[in-house]
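1. Attaching a predicted model along with its sequence, questions to come.
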Amino acid sequence: MLKLQAESNVPTQFGEFRMMAFSEDDKNWMPHMALIAKNTDLEKPTNVRIHSECITGEVFHSKKCECGEQLDSAMKYMQENGGIILYLRQEGRNIGIINKLKAYALQEKGLDTVQANLQLGLPADDRDFSVAIDMLKQIGVKSVNLMTNNPEKIQFIKDSNIEFNSRIPLQIKSNEASASYLKTKKDYFGHLLDDENQS
């Protein structure tokens, strides 16, 4: 069971967040994180972004996905409006960075992101959003405005005892490198994306 292991205020370029680390034990070097903006009111429907780790997009600014831009946009939004970002350590839809790079190599040969994962004998998406529900319960969130384009995340909230209040779209305009990736998100996973942005 996830437990709150540590927390501290952390100033960022977007403003100060209360950063909380959740894991089963305090020796875990890669805990799930919660970032809570200072002006967040847990008694009202809470703005929440469930975000999965993406080292290529967030740290190295890869153009193959919009993950880094999504995280920046979410941090800015939460500082302006109050809210929480749950940062889940589920790199590459939970296949890990090594398999993710193997999948990238297959994509260079013409496969899309789903086809590449399946050819490697991996699930198209192996993420577990139930950990996000556990974190929200421990933080004390009762109702959420979920920042997402992913219907699976919405369903996870609806299937829990946390109230789903509304969806906040998070659209990032595609580029030449990310267009195919975002098209697969929409066509295969059913993400709620505008045709104009495909993001």
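-> Right, received. Where do you want to start?
2. How is the most centrally placed residue in the chain assigned, secondary-structure-wise?
-> Using CA atoms, centre = their mean, the residue of the chain that lies closest to the mean C-alpha position is residue 51, 1.4 Å off. Each residue gets one of three states, and residue 51 gets strand by DSSP: H, G, I helix; E, B strand; the rest coil.
3. Tell me who's in contact with it.
-> Counting by CB atoms under 8 Å, 6 or more residues apart in numbering, residue 51 touches 67, 70-71, 74, 85-88. In short, each C-beta sits where N, CA and C put it, glycine included.
4. Out of those, which two sit at the greatest distance?
-> With distance counted by CB to CB, no two of those lie farther apart than 67 and 86, which are 14.3 Å apart.
5. more neighbours, these two?
-> Legend: neighbour count by other CB atoms under 10 Å for residue 67 and residue 86, higher for residue 86 (24 against 19).
6. you'd agree the more buried one is up against residue 137?
-> No: with contact defined as CB atoms under 8 Å, residue 86 does not reach residue 137; the gap is 11.7 Å.
7. can you tell me how far the residue of the chain positioned farthest from its centre sits from residue 101?
-> Here the centre of the chain is the reference, and by CA atoms, centre = their mean the most remote residue is residue 109, at 27.3 Å. Taken as CB to CB, to the nearest Å, the spacing of residue 109 relative to residue 101 amounts to 14 Å.
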